[in-house]
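> How does the following fold in three dimensions:
(2 chains)
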Amino acid sequence: MLLKNTYNELIKILAKPRSYLGFGALTLLVLIIIFAMKLDGKSIISFVTATFENSISFNGHVLNGNLIAFIILQMLIVHVPLLVALVTGDLISGEAAMGTIRMLATKPISRNQVVMSKFFAGAIYTFLIVVWLGFLALFVSRFIFGTGDLIVLNSDGLVILKDADILWRFGLGFCVAFLSLLTVSSLSICLSAFTENSIGPIVATMAVIILFTIIGSLDVTVFDTIKPYLFTTHMAAWRSFFENPVPLKDILQSIIILVLHNVVFVVVARIKFSKKDILS
Amino acid sequence: MQNETIIDVQHLAKSFGSFEAVKDVSFTVQRGDVFGFLGPNGAGKSTTIRCMMSLITPDKGSIELFGKSLQTHRKDILRNIGSIIEKPDFYKYLSAEKNLEIFARVSGAEVSKIEIQEMLEFVGLANRGRHKVGGFSHGMKQRLGIAQTLLHKPELIILDEPTTGLDPQGIIEVRNLILRLKNEQNKTILLSSHQLSEIELIANRMVIINQGKSIVEGSVQDLLQAEEIVVKVVVDDSEKAMRCIAQLETAKNAEAFSSTEIEVLMKKNEIAAFNKFLVQHDVAVFSLEPKRKLEDYFIKIIQA
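Next comes the predicted model:
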C-alpha cells in the first residue's frame, strides 16, 4: 500500500503545473549565469585572481566548465530550497485545503503510510531537482566551456583541483546537497501536517531557513552552542568536497545532523497527522 | 443474510473543546438496509459519520462494523466501505479516470481500467472520463463521488448529505442511482440527509438524532404508520361529506375549508377504508392527499 500510494503521490506531483516551476526556474537561472559568464566571465575571473597575481601565475583555461558548475551551485543552492518547499510544503495541507485528504483518510491505508508516501514522493521530486541542477550545472557548462583544473577560493585561500580529480567531488557534493534539500522537504511536510492552509507551510519553511541562517551567521556567543545543531549550518557541507584534503569528519558530522533532522521532522509529522481529527 | 448487523454504534460521544457535538448516539444497521440518518443541521450527523470512517476519534462509545471494532480492525473495515462525506472532493487538475485510478489504488482491491470505464458508464460520465474534474459541475462531481464509492465493490455505502447543493434534476439523478444500488446490487446503504422526503422515498429504516443524541430508531413504515396524519380530501360536496364523517370514529378533527375541500386527521392505514365509506354514502371523492408525513413527524420528535 505504501508503494501504491507513493506512486499516487508522484502522479499528483507531476500533474501539478507548479512542480515544473522548479525545473523551469533552474533552467532559466543556469542559462542566464552561463550567458553572463560567456559574455563577461574572463573579466570576473581576472578580478578574483588579481589579489593573488603577485604570488601566483595563472596559466591555461581557468574559466572552464568545472568552475562555472561550481559557481552555479554556489549561487543556486540558496534558492533551490524555495523551489523544493513550493511543492513539498503543499503535500498534506494542500490536500486538506482541497478536501481530498478526507477522501484519502477513509481508504484502507494507515495515516502513517500516507505521511511516509508523501515523504518518499517529496524525496523523489527533490532528487529529480538535484539531478536536473547537476545536469545543467556540470554537463551543460562543461559542454559549453570545456574542462580544466578547478580553482576554488575558500576561507583558507585558493585550492586548485586537477581536472581528473573533479567529477567524484561533484558527485558526492550533489549527494550531500540532496540530503540538505531533503531536510527542507521533510521540514515542509512536517509543517504541512499542522495546518490546512496550502501556502502557510511553504512560507513557514522559508521563514525557518532564513531565521536559522541569520542565527548561524550572527557572531553572538549566546548562539554558538546551538549553531552546530542547526540544519542550515550543514546545508553548505557539499562545499567541503572541494577542499584538499577533504574533511571527512566534518562531512560525516553534517550528514548525521541532517539525517537526524529528517528523522525528527518525519516522526513529528507522523505523530501529528495520526492524531489529527480531519474536519476539512 | 438479512438481520446481520453491519453497523453497531453505541453511546458515541465527541466534543470539540467545550462544544459537545455528539453526546449519546446509538443505532444499528442490518445487512440490506437503506438506513436513513436524520437530524437537523448541527445535530451531530456528520461528526458521527466521521467517527465511523475514522476521520475523527470519538471520546466515548463503541463503533463496530461488520462485527469488528473500528479501533482494532480499521483497515479491514474500510476495505468494505465506500463513502462520500459531506461532498466528494477530487484532484481538480486530474481527469475523472485518473482520480478514480488514484482512489482505486488505495482502496485495497484490484480495479482494472475496464472496470473504471464501466463505473463511469454506470454513473453517466462515460464521455467525460478524460476531462479534468476542475471543470465538472457539482452534480457531476457527486456522480463521480458515487463511482468512487462503488469502484472497489464495498458491502456498505455511506452517503453523507449526497444531494446537498444539487438542482432538482441532480437530486433525481442521485436518488435514482441510490435506488439502483439498492435494487440491482443489494448494497447496505447509510444515507444521512435533511431531505426528509428523500429518506421516506428510499430508506426502510431510520434513526433521528437531535442535539447530539439519538431520539428514535426503527422501520420508516412502522414509525410513520403509527402516526396520525392530516389528509386533504377533495369531494363534490363538503357539507354532505362532513355529515358522513361525523359518524366515523377513526376520522378526527374534520374541518371543511371550502365547498369541496376537507382536512381530516386519521392513521395512514385507515385512508382506504375512509375513501370507501365516503363513496358508499354517495360522496364523490376526487382526491385524498396525505399531508402529514415524515417532515411533521420529524418536527414533532425534535420538538418533543
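
> Residues of the stretch 1-150 of chain B that sit close to chain A?
Counting by Cβ under 8 Å from any Cβ of the partner chain, the residues of the stretch 1-150 of chain B close to chain A are B:16, B:50, B:53-57, B:74-76, B:78-79, B:81, B:83, B:85-94, B:98, B:102-103, B:105-108, B:148. C-beta: built from backbone N, CA, C; applies to glycine.

> out of these, which are buried?
B:50, B:53-56, B:74, B:78-79, B:81, B:83, B:85-91, B:93-94, B:98, B:102-103, B:105-108, B:148 (16 or more other Cβ atoms under 10 Å in any protein chain shown).

> out of those, which are inside strands?
Taking DSSP state E as the definition of strands, these contribute B:81, B:83.

> all helices for the stretch 151-300 of chain B, in order.
Taking DSSP state H, counting those that start in this stretch to define them, one finds helices in the stretch 151-300 of chain B at B:168-185, B:196-202, B:220-225, B:238-245, B:271-280, B:294-303.

> And stretch B:62-70, what's buried?
The neighbour-count check on stretch B:62-70 (16+ other Cβ under 10 Å) flags B:63-66, B:70 as buried.

> how many neighbours does residue 154 have?
No chain was given, so I picked chain A. The number of residues packed around A:Asn154, counting by other Cβ atoms under 10 Å in any protein chain shown, is 11.

> The chain in question should be chain B.
The tally of other residues near B:Pro154 (other Cβ under 10 Å) stands at 20.

> Tell me what the nearest residue to it once chain neighbours are set aside is bridged to.
In space, not counting the residues next to it along the chain, B:Pro154 is nearest to B:Gly82; the distance is 4.0 Å by Cβ to Cβ, 6 or more residues apart in numbering or on different chains. Here B:Gly82 sits in beta bridges with B:Ile157, as judged by DSSP bridges.

> what pLDDT does A:Leu76 get?
The predicted local confidence for A:Leu76 comes out at a pLDDT of 75.

> For the closest residue to B:Phe122 other than its chain neighbours, give me its contacts.
Here the nearest residue to B:Phe122 in space, its sequence neighbours aside, is B:Ala147; by Cβ to Cβ, 6+ apart that works out to 6.8 Å. Taking Cβ atoms under 8 Å, 6 or more residues apart in numbering or on different chains as the definition of contact, the neighbours of B:Ala147 are B:100, B:119-120, B:122-123, B:125.

> For these, which two are the farthest from each other?
B:Leu100 and B:Phe122 (11.6 Å; Cβ to Cβ).

> out of these two, which sits in the busier spot?
Applying other Cβ under 10 Å to B:Leu100 and B:Phe122 shows that B:Leu100 carries more neighbours, namely 26 against 18.

> Which pLDDT does the model give the more buried one?
The model's pLDDT for B:Leu100 equals 94.

> With the one 10 residues further on instead?
In this model, B:Glu110 is scored at 82, pLDDT.

> Surely it is in a helix?
No - remark: B:Glu110 does not belong to a helix; assigned using DSSP: H, G, I helix; E, B strand; the rest coil, it is coil.

> Distance from stretch B:68-82 to the middle of the chain?
22 Å (Cα atoms, centre = their mean, to the nearest Å).

> could I have that stretch exported to CSV, CA atoms only?
Listed in CSV are the C-alpha atoms of stretch B:68-82, where the atom choice follows Å, rounded to 0.1, in the frame of the first residue of the first chain:
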residue,chain,number,x,y,z
LYS,B,68,-15.4,-5.9,14.2
SER,B,69,-14.2,-3.0,16.3
LEU,B,70,-13.2,0.0,14.2
GLN,B,71,-10.4,0.8,16.7
THR,B,72,-8.7,-2.6,16.1
HIS,B,73,-9.7,-3.5,12.6
ARG,B,74,-9.7,-0.2,10.8
LYS,B,75,-8.1,-1.3,7.5
ASP,B,76,-10.3,-4.5,7.2
ILE,B,77,-13.4,-2.5,7.8
LEU,B,78,-12.6,0.4,5.5
ARG,B,79,-11.8,-2.0,2.7
ASN,B,80,-15.6,-2.9,2.7
ILE,B,81,-16.9,0.7,2.8
GLY,B,82,-17.4,3.2,0.1
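
> Quick check: mean pLDDT of that stretch?
Along stretch B:68-82, the predicted confidence averages to a pLDDT of 92.

> Mind listing residues that contact it?
A:106-110, B:52-54, B:62-66, B:107-109, B:148-152, B:154-158.

> run the last query once more with 7 Å
Under the criterion Cβ atoms under 7 Å, 6 or more residues apart in numbering or on different chains, residues A:106-108, B:54, B:62-63, B:65-66, B:108, B:149-150, B:152, B:154-158 lie in contact with stretch B:68-82.

> Same check on stretch A:189-205?
Outside stretch A:189-205, the residues within contact range by Cβ under 7 Å, 6+ apart are A:85-86, A:88-94, A:96-97, A:115, A:118-119, A:122, A:184, A:187-188, A:265, A:268-269, A:272-273, A:280.

> who in the stretch 51-200 of chain A is up against chain B?
Taking Cβ under 7 Å from any Cβ of the partner chain as the criterion, the stretch 51-200 of chain A approaches chain B at residues A:98-100, A:102-109.

> hey, which helix is longest across chain A?
helix A:18-49 (DSSP state H).

> quick one, what contacts the residue in chain B that chain A sits nearest to?
Across chain B, no residue is closer to chain A than B:Asp89, which sits at 3.1 Å (Cβ to the nearest Cβ). By Cβ under 7 Å, 6+ apart, the residues touching B:Asp89 are A:98-100, A:102-103.

> swap in A:Ala97?
A:196-198.

> Now the buried members of these.
Burial by neighbour count, judged by 16+ other Cβ under 10 Å, picks out A:196-198 from those.

> Is it possible to get JSON lines of those that adds pLDDT, secondary structure and distance to B:Asp236?
Listed next are the buried ones among the contacts of A:Ala97 as JSON lines, based on pLDDT from 0 to 100; DSSP: H, G, I helix; E, B strand; the rest coil; distance: Cβ to Cβ, whole Å:
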{"residue": "A:Glu196", "pLDDT": "87", "secondary structure": "coil", "distance to B:Asp236": "64"}
{"residue": "A:Asn197", "pLDDT": "86", "secondary structure": "coil", "distance to B:Asp236": "68"}
{"residue": "A:Ser198", "pLDDT": "81", "secondary structure": "coil", "distance to B:Asp236": "68"}
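
> ok, these vs B:Glu228, which is closest?
Ranking the buried ones among the contacts of A:Ala97 by separation from B:Glu228, with Cβ to Cβ as the measure, puts A:Glu196 on top at 48.6 Å.

> From chain B, how far out is the closest residue to that closest one other than its chain neighbours?
Nearest-residue entry for A:Glu196: A:Ala96, 3.9 Å, with adjacent residues in sequence omitted and distances by Cβ to Cβ, 6+ apart. Taking Cβ to the nearest Cβ, to the nearest Å as the measure, A:Ala96 falls 10 Å from chain B.

> List the buried residues for whichever strand or helix holds A:Ala96?
Counting by DSSP states H and E, the element that carries A:Ala96 is helix A:93-98. For helix A:93-98, the neighbour count (16+ other Cβ under 10 Å) marks A:93-98 as buried.

> Out of those residues, which comes closest to chain B?
Of all these, A:Met98 has the smallest distance to chain B: 5.8 Å, by Cβ to the nearest Cβ.

> And for the closest one, nearest residue in space, chain neighbours not counted?
Counting by Cβ to Cβ, 6+ apart, B:Asp89 is the residue found nearest to A:Met98 once chain neighbours are left out, at 5.8 Å.

> what's the answer for B:Gly61, then?
Across the structure, with Cβ to Cβ, 6+ apart as the measure, the residue nearest B:Gly61 apart from its sequence neighbours is B:Leu12 (3.7 Å).

> Now do the contacts for the residue nearest the centre of chain A.
To find the centre residue of chain A, average its C-alpha atoms and take the closest one (Cα atoms, centre = their mean): that gives A:Leu181, at 3.2 Å. Contacts were defined as Cβ under 7 Å, 6+ apart; by that measure A:Leu181 touches A:80-81, A:84, A:126, A:130.
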